[in-house]
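Participant: A predicted structure for the sequence below; I have some questions about it.
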Amino acid sequence: MIIKGEHKRTIWVDKNNSQLIQTFDQRLFPHEVKIVDITTSAEAGVAIKDMIVRGAPLIGAMAAYGIYLAAVEYKGDDVLAYLNERKDYLNETRPTAINLAWALNEQFKNIDGLTDQSEMIAALFKGANKIVEDDVETCRMIGEHGLQIIEEIAASKPGETINILTHCNAGWLACIDWGTATSPIYQAHQKGIKVHVWVDETRPRSQGANLTSFELNEQGVPHTLITDNTGGHLMQHHMVDMVIVGTDRTTRSGDVANKIGTYLKALAANDNHVPFYVALPSSTIDWEINDGVKEIPIEMRSEDEVKYVYGKGKNGMESVLICPKTTPAANYGFDVTPARLVTGLITERGICEASEEGLTNQFPEQKR
Ligand SMILES: CSC[C@@H](O)[C@@H](O)C(=O)COP(=O)(O)O
């Protein structure tokens, strides 16, 4: 996708140094485009934990490079023990997005049976690059399938603009390129279909305001930023044709964990008969669990993210306190939308019902 006229991805290997991984500091968008160097597994972990990178697929890619860098940095004689320790460390950086554990497991499959450290390094490097390349193609395919839904809506109201609401950032900044929820939107826009996006600001970290608005702006897609509580009102007034969001973990039964506030959007969509779609790569499906509300771990983050608003002031990036300093705050990072509220799941293989039957028909290799 585009930043300042140039095609970019969110993570890449330096052309002259295969041990230098680079990414953007997403905490600074849209005010500053700053590149961050990642050269150790610890730096990869900090990048995920501190949300320099965020979004389920990108977190997975960073973890994949993190375990590769762990193999590079190790100087002792039990590299596998060290990799297992770094795997646990990386796995604990953020609990909800399953792509993190998925990417690390993929990487361990790549070194299965290897004992030589240099062979492991080569296999992990290749494996991380593959995760990145596959994600680009997966997101492109999600866009192709999701485009059909937008085209159907466009056919039902010829010449009119299609209004799409999204929550958080499930755009290319959350992935490697294209995004999940935004990929159908970008493909529709490129095809000349008139789309307009309602962008939920997404308190407390403002991923909608900071990142989705930034992306759509760079891409030239018409959009309007709204507060998180506006969606229900817009839906009641027929100002939303569809909702598309991403997900951090989707259960075998089709329950969907996504950024806090997604569930309320799904309830409002259901009440107003607005289709509610979730776009995801298959790496986001947790085939081991069924009941999302009971079984998906929900990240709790710092109270300060709720109590302070972070943005660009006269003196650069600053935080402003918006409540009494002693007021306690609770900061749940994600919520779970039950499958019954999801109109359909858009994956790289097509559109399916949010149910075990729907998912296992699309991914027959996962049938029990
Ligand atoms: C394609 S990304 C899907 C999700 O990761 C996205 O919607 C989201 O909730 C991101 O949360 P974040 O806390 O910014 O990592």
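Facilitator: Cool, the structure landed. Residues are numbered from 1 along each chain as shown.

Participant: distance of the residue nearest the centre of the chain from Ala97?
Facilitator: For the chain, Gly55 is the residue whose C-alpha lies nearest the centre (C-alpha atoms, centre = their mean; 3.0 Å). Distance, Gly55 to Ala97, by C-beta to C-beta, to the nearest Å: 8 Å. In this view, the C-beta of every residue, glycine as well, is placed from N, C-alpha and C.

Participant: cool, and Thr247?
Facilitator: 9 Å.

Participant: Of those two, which one has the most company?
Facilitator: Thr247 (32 against 29; other C-beta atoms under 10 Å).

Participant: Provide the backbone phi and psi angles at that one.
Facilitator: Main-chain torsions, Thr247, degrees, to the nearest 10: phi -150, psi 150.

Participant: can you check Val13 too?
Facilitator: According to degrees, to the nearest 10, Val13 has phi -100, psi 140.

Participant: who touches it in this structure?
Facilitator: Counting by C-beta atoms under 8 Å, 6 or more residues apart in numbering, Val13 makes contact with 20-22, 65, 129.

Participant: intersection of neighbour lists for Thr247 and Ala97?
Facilitator: Common neighbours of Thr247 and Ala97 (criterion: C-beta under 8 Å, 6+ apart): 56, 284.

Participant: State the number of residues packed around Glu6.
Facilitator: 8.

Participant: Now do the phi/psi pair for it.
Facilitator: phi -110, psi 140.

Participant: and this protein, what are its domains?
Facilitator: Here the domain parsing of the chain from automatic domain parsing is 2-134, 143-366.

Participant: any chance of the ones you listed in TSV, plus mean pLDDT?
Facilitator: TSV is the format used below for those (pLDDT from 0 to 100):
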stretch	mean pLDDT
domain 2-134	97
domain 143-366	97
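
Participant: Format the ones you listed as TSV; extra columns: distance to the ligand.
Facilitator: Formatted as TSV, the domains of the chain follow (distance: least, C-beta to the nearest ligand atom, whole Å):
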stretch	distance to the ligand
domain 2-134	3
domain 143-366	3
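
Participant: Restricting to C-alpha, output the host helix or strand of Glu318 in PDB.
Facilitator: Element membership of Glu318 [criterion: DSSP states H and E] is strand 316-321. Only the C-alpha atoms of strand 316-321 are listed here, as PDB (Å, rounded to 0.1, in the frame of the first residue of the first chain):
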ATOM      1  CA  GLY A 316       5.300  17.100  20.000                       C
ATOM      2  CA  MET A 317       3.700  13.800  21.100                       C
ATOM      3  CA  GLU A 318       2.200  14.200  24.600                       C
ATOM      4  CA  SER A 319      -0.300  12.700  27.000                       C
ATOM      5  CA  VAL A 320      -3.200  14.600  28.600                       C
ATOM      6  CA  LEU A 321      -5.000  13.400  31.800                       C
END
